[in-house]
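Q: just coords:
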């Protein structure tokens, strides 16, 4: 790991982060966006040959450590293998939801970079669609159209919420914020479900 020194335009002396960030596998990259509080970790750890997995994670305020004397052997092994991402979510659902909202806004702000595409939708490791005509399944295409509508509705809500939070004075605005926040979880779950259904139908 290294940090950039903006005063003299150089990078500080790199240091090895050690376990569990570095392992015997090829851990290619870890980077954190301090503004969003979100990071990315790329590794071929326990992946099929020639494959790399990119993980998205929240930047923790404090590091959760494992105790070899009190934690079970299987718990430590599963953590090292990153067997279950959901095991790290317990008690942090609200924080995760907020981070996902910020990430959605960030990703959508970069859509203009792919101006020649109608959209970018990943089907699997080998297929990424950019046009409705890319779909081979009519059912998947219909489901994707439904997904797009819900995603747009979610994007608009998140954008409105972001604007309201910047000017959160007054009981009326606070009431609007609470109302929108109550709508987002169900809408987000609907978007995630439609996304999965689209992929499943296309791959049948």
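A: Received the coordinates, thanks. What you see is a predicted model; the values in this text were computed from it and never measured. Numbering: from 1, shown residues only.
Q: now the residue nearest the centre of the chain, what's its secondary structure?
A: For the chain, the residue sitting closest to the mean C-alpha position, by CA atoms, centre = their mean, is residue 56 at 5.0 Å. At residue 56 the chain is in strand, as set by DSSP: H, G, I helix; E, B strand; the rest coil.
Q: May I have the beta-bridge partners of it?
A: Taking DSSP bridges as the rule, residue 56 bridges to residue 40.
Q: per-residue confidence for it?
A: Looking at residue 56, its pLDDT is 82.
Q: My read is that it contacts residue 36, right?
A: No - between residue 56 and residue 36 there is no contact under CB atoms under 8 Å: 10.3 Å. The way it works is simple: take the backbone N, C-alpha and C, and place the C-beta from them, glycine included.
Q: coming back round to it: what's the separation between the residue nearest to the centre of the chain and residue 71?
A: According to CB to CB, to the nearest Å, residue 56 stands 25 Å off from residue 71.
Q: Equivalent analysis for residue 81, please.
A: Per CB to CB, residue 81 is found 14 Å from residue 71.
Q: likewise residue 147?
A: According to CB to CB, residue 147 stands 40 Å off from residue 71.
Q: Counting neighbours, go ahead and name the busier of the two.
A: residue 147 (22 against 12; other CB atoms under 10 Å).
Q: Quick check: chain neighbours aside, which residue is closest to that one?
A: Spatially, and ignoring its direct neighbours in sequence, residue 147 is nearest to residue 194 (3.8 Å; CB to CB, 6 or more residues apart in numbering).
Q: do the same with residue 11
A: Using CB to CB, 6+ apart, the closest residue to residue 11 is residue 2 (4.6 Å).
Q: Can you point out the buried residues in the longest helix belonging to the chain?
A: Longest helix of the chain, by residue count under DSSP state H: helix 171-203. Using 16 or more other CB atoms under 10 Å as the test for burial, helix 171-203 gives 180-181, 184, 187-188, 190-191, 194-195, 197-199, 201-202.
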